[in-house]
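Peer 1: build me a model from this:
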Amino acid sequence: MVTIKLLRSRIGCSPAQRKTLDALGLKRIRQENTFEEAPSVVGMIEKVKHLVEVTKS
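Peer 2: Got it, this is the predicted structure:
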């Protein structure tokens, strides 16, 4: 399991990065969501790694 927390603002991000954050369910700063560690989720995290904090559990 992977917990993803949005730490930085979506303002100034590209539209593709905003869609990735929407797909991860992150709309507000300090919002968290938990996922199974799948290749698709790891790829989405890689695209927005400068905006989020990832914790493995």
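
Peer 1: residue 16 - nearest residue in space that isn't next to it in sequence?
Peer 2: Computed as Cβ to Cβ, 6 or more residues apart in numbering, the closest residue to residue 16 that is not its neighbour in sequence is residue 47, at 7.4 Å. Just so you know, the C-beta spots here come from the backbone N, C-alpha and C atoms, and that holds for glycine as well.

Peer 1: let me see the backbone angles for the one you found.
Peer 2: Summarising the backbone geometry of residue 47 under the convention degrees, to the nearest 10, its torsions are phi -70, psi -30.

Peer 1: ok, residue 9 next?
Peer 2: phi -70, psi 150.

Peer 1: neighbours of it, how many?
Peer 2: When neighbours are counted by other Cβ atoms under 10 Å, residue 9 registers 10.

Peer 1: contacts only, for it.
Peer 2: In this structure, residue 9 makes contact with 29, 51, judged by Cβ atoms under 8 Å, 6 or more residues apart in numbering.

Peer 1: any idea how far it is from residue 2?
Peer 2: Between residue 9 and residue 2 the distance, using Cβ to Cβ, to the nearest Å, works out to 22 Å.

Peer 1: touching, residue 5 and residue 32? I think so.
Peer 2: Yes - contact status for residue 5 versus residue 32: in contact at 4.6 Å, counting by Cβ atoms under 8 Å.

Peer 1: any chance you could map the strands in this structure?
Peer 2: Assignment of strands within the chain using DSSP state E yields the ranges 2-6, 32-35, 52-56.

Peer 1: buried ones in the shortest one?
Peer 2: Put plainly, it is strand 32-35. For strand 32-35, the buried set under the neighbour-count rule, 16 or more other Cβ atoms under 10 Å, comprises residue 35.

Peer 1: which strands or helices does that strand pack on?
Peer 2: Using 3 or more Cβ pairs under 8 Å, 6 or more residues apart in numbering; DSSP states H and E as the contact definition, the elements that strand 32-35 packs against are strand 2-6.

Peer 1: that'll do, ta.
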